[in-house]
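[1] Make a model of this:
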Amino acid sequence: MTVGSFGLMLGAFGCASKDVVKKDEPIAVSKPVDATPQKNDATPSAPVVPSTTPSARAQQSVKAAATDAVFDKIYFDFDNSDLSKSSRDTLTQSAEILMKDKKTVKVRIEGNCDERGSAEYNLALGERRAKAAAKYLITLGVQPERLSVLSYGKEKPAAQGNDEAAWSKNRRDEFVIQK
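    This is a model prediction of the structure:
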């Protein structure tokens, strides 16, 4: 989709009438960009030497392991945000990993939908799906400040197609480790 066609779609459909981020949800904040100009002289900068203290190595190890962690996706029935038994089992395994091995990792839960329904409806449904997973993880003991939710609605399909096989793969929550 080109930027021009996205602008036309946005103008034609408008924005969601409801707030996508609620006041009680954590909001991911990106780091500010350093506006300091770079030196153009020929003097090479000093190389960054990693710390060799045991606590620094442990922190680096945890961060490296955290980025390697992959949590299984969970799937939803048509027009539904209820967690199935298999989704709850998958979330239980993810919670155990988060509480045992990845105690400092933050996770973004991304809600997705199939192509059926309006963009606004699917954004809301994707948000309900992501919030359902977050709520379940919190009931299992994961700290709420470690979780954030984001809805893509129908904008990030996992499978292309206009049949149930494709649609069932698109009705999902994905879990992204925050760096």
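
[2] what helix or strand does Leu125 sit in?
    helix 119-139 (DSSP states H and E).

[3] tell me the angle of the very next helix or strand once past that helix relative to helix 119-139?
    Once helix 119-139 ends, the next helix or strand along the chain (criterion: DSSP H and E) is strand 147-153. Orientation check (axes from the mean of the first three to the mean of the last three CA atoms, to 10 degrees): strand 147-153 against helix 119-139 gives 160 degrees.

[4] Check which helices and strands strand 147-153 is in contact with.
    Counting contacts by 3 or more CB pairs under 8 Å, 6 or more residues apart in numbering; DSSP states H and E, strand 147-153 is packed against strand 106-112, helix 119-139. All C-beta spots, glycine's among them, are computed from the backbone N, C-alpha and C.

[5] Now Cys178: phi and psi?
    Quick fix: residue 178 is Gln, not Cys. phi -90, psi 130 (degrees, to the nearest 10).

[6] nope, Asp77 is what I meant
    Dihedral angles (degrees, to the nearest 10) for Asp77: phi -80, psi 170.

[7] So it sits against Ser84, correct?
    Yes: contact criterion CB atoms under 8 Å: Asp77 and Ser84 qualify, at 7.3 Å.
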